[in-house]
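No letters, just coordinates:
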């Protein structure tokens, strides 16, 4: 079995947008472009990479909303879009997380997302979820209780959230209140 990986590891060597040639690598399984100066919007052609199991665009300058095409990456296990300039309301921007049925780790920290936490994340088998340092408001959706068996790491600090963590099945003796 061959795994096609593309990793850019030298910081600040790339500028501009994701090169269109990358999204034509249809057999690509791992794409990691971290600590670069890539910006603009994430192209919708990212959805053409249907074999991706890992996508990390951590610490770039991407703007706008996450394209709907991301929800077609049904093989994705790991998605890290942290430390960019993404914005929008993840609950109402017509972005459905339901197609990412294998996703185990989702990192959207240090962006500019706002609104309520997306209830559809509760349908995913997430082990790690990091939504810290955004502008989320409200409480943890009741739908997230479905994640209580799989969730190992949940990071929600530096948002404007409040409420009871009992929805996640926390037991007495553990943290049961959320205030960020």
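Noted; the coordinates are in hand. Everything numeric here is computed off the predicted structure, so don't read it as measured data.

hey, let's count contacts and neighbours off CA atoms from now on
Will do.

partners of the helix or strand hosting residue 30 in the sheet?
Per DSSP states H and E: residue 30 is located in strand 28-33. Using DSSP bridges, the strands paired with strand 28-33 in its sheet are strand 4-8 (parallel), strand 54-56 (parallel).

Make a markdown table from those and add mean pLDDT to it.
What follows is those, written out as a markdown table (pLDDT from 0 to 100):
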| stretch | mean pLDDT |
| --- | --- |
| strand 4-8 | 89 |
| strand 54-56 | 98 |
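
Below-threshold pLDDT in the chain: ranges please.
1-2, 93, 166-167, 169-180 (pLDDT under 70).

change it to 90
1-4, 7-14, 91-98, 147-149, 162-180 (pLDDT under 90).

ok, then the element right after the helix or strand containing residue 106?
Per DSSP H and E, residue 106 falls inside strand 105-107. Proceeding C-terminally, strand 105-107 gives way to strand 112-116 as the next helix or strand, assigned by DSSP H and E.

which helices and strands does that next one pack with?
strand 85-89, strand 135-138 (3 or more CA pairs under 8 Å, 6 or more residues apart in numbering; DSSP states H and E).

Nearest to residue 101, out of these?
Of all these, strand 85-89 sits nearest to residue 101, with 20.9 Å by CA to CA.

contacting residues around that closest one?
Contact with strand 85-89 is made by 61-66, 110-116, as judged by CA atoms under 8 Å, 6 or more residues apart in numbering.

again with stretch 28-40
With CA under 8 Å, 6+ apart as the criterion, stretch 28-40 contacts 3-18, 49, 51-64.
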